[in-house]
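Trainee: Mind looking at a prediction? Sequence and model below.
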Amino acid sequence: MHTHSAEARGAAGARPGRRPSGWFDVRGRHVGTWAFALNRATGLLLVLYLGVHLAVLSLLARGPSAYDAFIALASHPLAILFDLGLAGVLLYHGLNGIRLILLGLGWGLRWQRELFWALMALGAVAWCAAAYGLAVHLL
């Protein structure tokens, strides 16, 4: 008899002793688990951002005064910090996605950790360049 059947795991399909939210439990895990969990979290953030972005763009159809109000809001220092955070989320999600594609194709399997850190270093440099460019533009 197979002891790991769906009935033994319960209705949610989880293994005995595991919480349903275990997909994000990274305690004591390796870099790959952290990368996976952060990729999911940044994906969710990007979906939320897309909804907000579309809602804001729909407000612009109300005319020039709505556009001017949007420009005033987008020029606020908190909005600029939000944009820098968004750039970091995009860089992480995109670069980790490239890493996952390479691993899925069988390239770099032996150097997963090194590939992750190299791409994160590239992302950090790109983010710092974006932050510098934004600071020069604003000052």
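Mentor: Here it is on my side, so go on.

Trainee: lowest-confidence helix or strand of the chain?
Mentor: helix 6-9 (a mean of 43; mean pLDDT, DSSP states H and E).

Trainee: Give the next helix or strand downstream of that one.
Mentor: Where DSSP states H and E defines the elements, the next helix or strand beyond helix 6-9 is helix 31-59.

Trainee: Show me which residues of that following helix are buried.
Mentor: Within helix 31-59, the residues that count as buried by 16 or more other C-beta atoms under 10 Å are 35-36, 38-39, 42, 45. Placement of C-beta: from N, CA and C, glycine included.

Trainee: Neighbours of residue 95, how many?
Mentor: Neighbourhood size, residue 95 [other C-beta atoms under 10 Å]: 19.

Trainee: Next: residue 91.
Mentor: 20.

Trainee: now do residue 116
Mentor: Count around residue 116 with other C-beta under 10 Å applied: 20.

Trainee: pLDDT score for the residue most central in space within the chain?
Mentor: Nearest to the mean C-alpha position of the chain, by C-alpha atoms, centre = their mean, lies residue 42 at 1.9 Å. Model confidence at residue 42, given as pLDDT, is 97.

Trainee: nearest residue to it other than its sequence neighbours?
Mentor: In space, and not counting its chain neighbours, residue 42 is closest to residue 93: 4.1 Å by C-beta to C-beta, 6 or more residues apart in numbering.

Trainee: List the buried residues in the host helix or strand of that neighbour.
Mentor: Element membership for residue 93 (DSSP H and E) is helix 77-104. By neighbour count with 16+ other C-beta under 10 Å, helix 77-104 contains the buried residues 80, 87-93, 95-96, 99, 102-103.

Trainee: same question, stretch 65-77
Mentor: Buried, per 16+ other C-beta under 10 Å, within stretch 65-77: residue 70.

Trainee: Average pLDDT for that stretch, rounded please.
Mentor: Mean predicted confidence for stretch 65-77 is 88.

Trainee: picking that back up, in TSV: the buried residues of helix 31-59, plus distance to residue 67.
Mentor: Shown next, in TSV, are these (distance: C-beta to C-beta, whole Å):
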residue	distance to residue 67
35	40
36	40
38	35
39	35
42	30
45	26
